[in-house]
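Enquirer: Below is the sequence, then the predicted model.
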Amino acid sequence: MAGLQIPMFFLVLLAGIRSDTKILDTPDRNMGPEPCIRTCTGIDRVVTGWYNSGVHLGKVYKDIDMSGCDFVSSPVVTALSGGNSNPYRVCPSFTIRNIDNNKFKLYSVSDFTSDEMRKNECKVFWTATGFAC
């Protein structure tokens, strides 16, 4: 009987833990009901797919697919980059543009080329919070 008391203790303890997410605004201002809030996270490990921007000279851009998240409107997105473990190879920070429910676009803040992004093995770590219904 003593073996059952320990798991029951954890069940009672975990029952008191509550998670809460609240969205105050979204890119398209399309708010859904709170029970439909979803947070979706991913890592874009594909080091190809970076393009030199013709509009923003010296910058690179990439489209990130988040269609697997099943958002019904544009979520709030955060993204950052990380490369391989070589301390002399860095990856840039980004500005996020063109967010919709399936994808978003990143532009580098500092000057980089698509070749540098591939050489530095720059990956994108992202999190999106939005509505799934």
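Expert: Yep, that arrived. Residues are numbered from 1 along each chain as shown.

Enquirer: Counting neighbours, which bits of stretch 36-53 end up buried?
Expert: Within stretch 36-53, the residues scored as buried using 16 or more other C-beta atoms under 10 Å are 37, 38, 40, 42, 44, 47, 50. Heads up, the C-betas are built off the backbone N, CA and C, glycines and all.

Enquirer: Do you have the helices of the protein handy? List them.
Expert: 2-15, 114-119 (DSSP state H).

Enquirer: and the shortest one, what other elements does it pack with?
Expert: Helices and strands touching helix 114-119, as assessed by 3 or more C-beta pairs under 8 Å, 6 or more residues apart in numbering; DSSP states H and E, comprise strand 60-65.

Enquirer: Check which residues of the strand it packs on are buried.
Expert: The neighbour-count check on strand 60-65 (16+ other C-beta under 10 Å) flags 60, 61, 62, 64 as buried.

Enquirer: circling back: pick out the shakiest of the helices of the chain, pLDDT-wise.
Expert: Sorting the helices of the chain by mean pLDDT places helix 2-15 lowest, at a mean of 51.

Enquirer: and the closest residue to residue 44 other than its chain neighbours, how many neighbours does it have?
Expert: What sits nearest to residue 44 in space, not counting adjacent residues and going by C-beta to C-beta, 6 or more residues apart in numbering, is residue 124, at 4.1 Å. The burial count assigned to residue 124 is 22, neighbours taken as other C-beta atoms under 10 Å.

Enquirer: so what's residue 124 bridging to?
Expert: Beta bridges link residue 124 to residue 44, residue 81, judged by DSSP bridges.

Enquirer: swap in residue 130?
Expert: Under DSSP bridges, the beta-bridge partners of residue 130 are residue 38.
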